[in-house]
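K.L.:
Below is the sequence, then the predicted model.
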Amino acid sequence: MPFDKQTSLASPTGADLNLYVKYAATDPRAVIQINHGLAEHAARYARFADYLAPRGFNVYAHDHRGHGATKAPDAPLGKFADSDGIAKVIADVDAVHDLIAKEHPGLPVIVFGHSLGASIALNFVLRHSQRVRAAAIWNGNFSQELLGQLALLILGWERMRLGSDVPSRLLPKLTFQAWGKAVPNHRTLFDWLSRDAVEVDKYVADPLCGWDASISMWRDVVNMAQHAGKDSSFAGVRRDLFVNLLGGEKDPASDYGKAVHHLAKRMQAMGFSNLVSKVYPETRHESLNEINRDTVMNDFAAWANSVLKP
């Protein structure tokens, strides 16, 4: 089933955010604010929203700048902004969060993010942990400092030669394409996303998925992950925040789940007392589109219910 509502939200950044809403089928208990990943869009989370609504959750999911149907004068497909891209992406998340608070005053919010969305959600929490009940940070990688620095050097070299607004020629080869080739007997270069061939084919056929990001967007993506990779960035985050970290054992984007374990150990060492983490066996990058997605969604709902207990 599709979302209940598709609307637009004017962000203070100048973006016209494409926003999907699914309302709880019962009295709402909380709001799940979804942040999608790189080179995809929020409509792909309709099945997750369908699962959550009968369980008492409202769901809000918007297309980030440079993605999906969101429009901004400085953000065509594949680009966050001419400048201050990270700040504008987070400010857009702020705008959706403000709308949720206006439309559902008093309801707790669980911010959710997958992949790039995990980085966006975590960076939002680094600034606004007092505004949310919990955070689900899925399939992210915040433990690649040296590789991140190398990526920034490559992107800086490309920017000098090509400018910032054209697609990076090297980063897709080092990420999406390399990950696809690493899958044994791969059928497509996107098999690293899921073992479900139907879901992979839907992604490949979707014109709003799988495109090559601009050099400027890649720089923003790497810098966002690098910021979240520093313990000092967590200085203002409340340590009693409920946190759910999730990954897949066969996901190359999270170093086959090692990055999830690494973030969990970091946060535990920093004193986060309400943290759970899990790496699912044999699972690839898109947990919600994997063959074990029912288990993944059931586990998420059980965790969300636990953090809502008085």
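P.N.:
It's in. Numbering: from 1, shown residues only.
K.L.:
CA atoms only for the helix or strand hosting D294, dumped as PDB, please.
P.N.:
Using DSSP states H and E, D294 falls within helix 293-307. Output in PDB follows, covering the C-alpha atoms of helix 293-307 (Å, rounded to 0.1, in the frame of the first residue of the first chain):
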ATOM      1  CA  ARG A 293      12.900  -8.400   6.200                       C
ATOM      2  CA  ASP A 294      10.000  -9.700   8.300                       C
ATOM      3  CA  THR A 295      12.400 -10.700  11.100                       C
ATOM      4  CA  VAL A 296      14.100  -7.300  10.800                       C
ATOM      5  CA  MET A 297      10.800  -5.400  11.000                       C
ATOM      6  CA  ASN A 298       9.600  -7.500  13.900                       C
ATOM      7  CA  ASP A 299      12.800  -6.900  15.900                       C
ATOM      8  CA  PHE A 300      12.500  -3.200  15.200                       C
ATOM      9  CA  ALA A 301       8.900  -3.000  16.400                       C
ATOM     10  CA  ALA A 302       9.800  -5.000  19.600                       C
ATOM     11  CA  TRP A 303      12.600  -2.500  20.300                       C
ATOM     12  CA  ALA A 304      10.400   0.500  19.500                       C
ATOM     13  CA  ASN A 305       7.800  -0.800  21.900                       C
ATOM     14  CA  SER A 306      10.400  -1.300  24.600                       C
ATOM     15  CA  VAL A 307      11.700   2.300  24.400                       C
END
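K.L.:
From S119, how far out is the residue nearest to A178 when sequence neighbours are not counted?
P.N.:
Nearest residue to A178, sequence neighbours excluded (CB to CB, 6 or more residues apart in numbering): P252, at 7.6 Å. Quick note: C-beta positions are derived from backbone N, CA and C, even for glycine. P252 is 16 Å from S119, where distance means CB to CB, to the nearest Å.
K.L.:
Run through the bridge partners of P167.
P.N.:
Beta-bridge partners for P167, by DSSP bridges, are S214.
K.L.:
Which pLDDT value belongs to it?
P.N.:
You'll see P167 listed with a pLDDT of 96.
K.L.:
cool, and P310?
P.N.:
pLDDT for P310: 72.
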